[in-house]
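Trainee: Sequence first, predicted model second:
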Amino acid sequence: MQTAPTPGAIVAKGLRKSYGDKVVLDGIDLHVPEGTVFALLGPNGAGKTTMVNILSTLLTADGGEAWIDGHHLTQDPDAVRAVIGVTGQFSAVDNMLTAEENLMLMADLNHLSKGDGQRRAAELLEQFDLVDDAKRTPVDYSGGMRRRLDLAMGLVAAPRIVFLDEPTTGLDPRGRFTMWQMIRDLVADGVTIFLTTQYLDEADKLADRIAVLDHGKLAAEGTAAELKRLAPGGHIRLRFTDPGELASAALIFGEVVRDDDELTLQVPSDGGIESLRAVLDRLDHQSIEVEALTVHTPGLDDVFLALTGRPTTDSETTS
């Protein structure tokens, strides 16, 4: 049994997958530490769902290796399945069963005893605010309630690693916020979350690290702050009270955006501490007084467009 090259909840080396002539994953390396949220972003059809399906043993890669909680993906798939939960784009909820019966079915599939299954179902109904609707079938549930039940079903076996593939697609803002809080609560309990999403604000708010998948490769990976430095348009905005100070600063910084009416300069910056310190040092050296200073960094939308050459779309329906 091969051991993972480095410790981590999810470790992948050189994962490859093709569908005919289309290369979906082209040698992907991943490392996701325990108890963190890792978000995988990508344009429609980029391969995010394929990645989830491979890492959750639902699909076989054409090449490469992966370890989930230290278990080799292909050499010990049963051990992998024992430690993961999966919630996909499309609900696994059975509309003919009540919420409680759906959870009991999952308990049975996970080989829990009847008593343990009942206790676990009760815990999850409470955790996901479904107690009052436990005896109802999900036919009349709102989208948010169905998503909560779907996630609860994926947690019946108390997995330590959860794959969430587009978990908030179709939810209204309140439903998305509720789901985000549930994800945060899971991570606070030590659960590792592997999240795919088209909503960049979702990744920005939830993820410890973000990777952008495009044309089969990872175009970039890092924290949200690190990725935002990759996109053009970052700047430090300086506002002055005196036109003379503005003119002096403009001479110092050269290529800047100057607004004489607003008495402001926009100095290009990557948003980092060193960049800010350099601007302040140059102002201080010339004894130029600034009334106000603000740092502006591009959003993840700008990063996504810069890396992939296309805007995000609302959903992913294939790979």
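Mentor: Looks like it arrived, so ask away. The structure displayed is predicted, hence computed values, not measured ones.

Trainee: Can you give me the distance of the residue of the chain positioned farthest from its centre to Val267?
Mentor: When distances to the mean C-alpha position of the chain are computed (Cα atoms, centre = their mean), the maximum falls on Gly244, with 46.8 Å. Distance from Gly244 to Val267, counting by Cβ to Cβ, to the nearest Å: 18 Å. Backbone N, C-alpha and C define where each C-beta goes, glycine included.

Trainee: ditto for Gly154
Mentor: 48 Å.

Trainee: So those two - more neighbours on which side?
Mentor: Val267 (24 against 21; other Cβ atoms under 10 Å).

Trainee: Now for that one: which residues touch it?
Mentor: Neighbour list for Val267: His235, Ile236, Arg237, Leu238, Phe253, Val256, Val279 [criterion: Cβ atoms under 8 Å, 6 or more residues apart in numbering].

Trainee: Out of those residues, flag the one nearest to Leu263.
Mentor: Ranked by distance to Leu263 (Cβ to Cβ), these are led by Leu238 at 9.1 Å.

Trainee: which residue sits closest to the closest one, ignoring its sequence neighbours?
Mentor: Leu265 (4.7 Å; Cβ to Cβ, 6 or more residues apart in numbering).

Trainee: Tell me the secondary structure at the one you found.
Mentor: strand (DSSP: H, G, I helix; E, B strand; the rest coil).

Trainee: That one touches Glu255, doesn't it?
Mentor: No. Leu265 is beyond contact range of Glu255, at 10.7 Å (criterion: Cβ atoms under 8 Å).

Trainee: neighbour-wise, which of the two wins?
Mentor: Between Leu265 and Glu255, Leu265 has the larger neighbour count (other Cβ under 10 Å), namely 23 against 6.

Trainee: Looks to me like Val86 is in a helix.
Mentor: No. According to three-state DSSP, Val86 belongs to no helix; its state is strand.

Trainee: ok, it touching Gly154?
Mentor: Yes. Between Val86 and Gly154 there is a contact at 5.8 Å, judged by Cβ under 8 Å.

Trainee: tell me, what's touching those two both at once?
Mentor: Here Val86 and Gly154 have Val162 as joint contacts, going by Cβ under 8 Å, 6+ apart.

Trainee: show me the contacts for the most centrally placed residue in the chain.
Mentor: Nearest residue to the geometric centre of the chain (Cα atoms, centre = their mean): Ala39, 2.3 Å. The contact partners of Ala39, by Cβ under 8 Å, 6+ apart, come to Leu195, Thr196, Thr197, Glu202, Ala203, Leu206, Ala207, Arg209, Ile210, Ala211.
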